[in-house]
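Peer 1: can't give you the sequence, but here's the structure:
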């Protein structure tokens with residue numbers, strides 16, 4: 001396919017079709033009425049031990065993009081980094097001195113790498129597993145905050161490279177990744193997504209941004225088609241991440257359908273705006289698209305998400 005190639009686009013979902021899909025996925029996520037971990041339940045001691053066997057090269061790779069502090073079309077209110085006391089200030093001072101700084105950021109922006117907590121999406125007044133929006137746990141902490149993952153997320157990561165499959169550098173905004181794309185990428189990369197896996201889907205958002213410059217990603221971006229969430233549910237995927245937002249814009253019918261279906265229906269933590277350039281190169285060279293992956297959100301007991309720096313170990 002050429003650089004502007006697009007696969008035939010799936011039809012929009014009518015509101016009734018979306019609701020039926022939502023209910024089907026909710027049934028897939030039946031971990032009991034008191035469950036707060038969602039799809040993380042698919043990660044077990046056995047899957048973690050097996051994931052450790054993926055380490056063969058002894059090489060670690062970050063999946064996060066550098067935090068941005070300069071306004072851009074997709075990031076009009078970037079993070080602020082204040083150097084309160086820089087190392088240079090102490091160059092000629094005797095004895096012990098400290099440099100220190102402060103960072104403030106919008107966790108759920110359209111540029112910085114982050115993880116969405118299960119409380120991030122409220123649909124029809126409810127969060128994952130029917131928990132009422134604004135509910136608290138018995139200890140008083142907000143229900144379904146990112147603290148659900150305070151012990152970290154460890155498992156086998158799998159990278160499915162959709163631009164590689166289609167023979168293009170990136171997918172254009174408005175395009176969709178379908179179930180057919182995911183299964184075809186598995187076959188082309190000789191890998192199969194399984195229970196407890198941390199699935200990363202490359203759409204080429206970062207490469208397009210680096211090549212063409214930032215654009216209003218809130219209005220136009222590439223993501224998964226809502227029906228592809230059935231693939232994730234059937235395979236018992238534990239986490240979904242992308243170098244984009246995971247949702248296509250403009251969306252099909254319901255706004256942010258993948259966020260609603262993944263987070264609210266399936267209890268699936270999402271990682272948005274990651275960076276796969278180095279990982280893709282290492283996987284291509286090694287001829288292997290699976291690896292040990294460690295995701296460590298910050299300890300933010302009341303937060304709807306966290307900045308994140310996932311580490312792939314090959």
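Peer 2: Looks like it came in fine. None of these values were measured; they are calculated from a predicted model.
Peer 1: show me where this structure has its helices.
Peer 2: Applying DSSP state H to the chain gives helices spanning 15-28, 45-52, 162-166, 179-189, 205-212, 229-235, 257-259, 277-286.
Peer 1: what is the mean pLDDT for the shortest one?
Peer 2: For helix 257-259, the per-residue pLDDT values average out at 97.
Peer 1: now for it, which elements pack on it?
Peer 2: Judged by 3 or more Cβ pairs under 8 Å, 6 or more residues apart in numbering; DSSP states H and E, helix 257-259 is in contact with no other helix or strand. The way it works is simple: take the backbone N, C-alpha and C, and place the C-beta from them, glycine included.
Peer 1: give me the contacts around it.
Peer 2: Under the criterion Cβ atoms under 8 Å, 6 or more residues apart in numbering, residues 13, 18, 116, 120-121, 223-224, 226, 229, 246-248, 251, 270 lie in contact with helix 257-259.
Peer 1: just the ones of these in strands?
Peer 2: Using DSSP state E, the members of the contacts of helix 257-259 that fall within strands are 116, 223-224, 270.
Peer 1: please identify the buried residues of stretch 29-45?
Peer 2: Using 16 or more other Cβ atoms under 10 Å as the test for burial, stretch 29-45 gives 29, 31, 36-43.
Peer 1: quick check: of the residues you listed, which lies closest to residue 197?
Peer 2: residue 42 (8.1 Å; Cβ to Cβ).
Peer 1: check contacts around the nearest residue to residue 112 once chain neighbours are set aside.
Peer 2: Leaving aside its chain neighbours, residue 112 sits nearest to residue 67 (5.6 Å; criterion: Cβ to Cβ, 6 or more residues apart in numbering). Listed by Cβ under 8 Å, 6+ apart, the contact set of residue 67 reads 79, 81, 103, 105, 112, 307.
Peer 1: likewise residue 243?
Peer 2: Contacts of residue 243 by Cβ under 8 Å, 6+ apart are 202-206, 273-276.
Peer 1: for those residues, which one is nearest residue 176?
Peer 2: Of these, the one sitting nearest to residue 176 (Cβ to Cβ) turns out to be residue 203, at 9.5 Å.
Peer 1: any idea how far that closest one lies from residue 160?
Peer 2: 10 Å (Cβ to Cβ, to the nearest Å).
Peer 1: more crowded one of those two?
Peer 2: Between residue 203 and residue 160, counted using other Cβ atoms under 10 Å, residue 203 has the larger neighbour count: 29 against 22.
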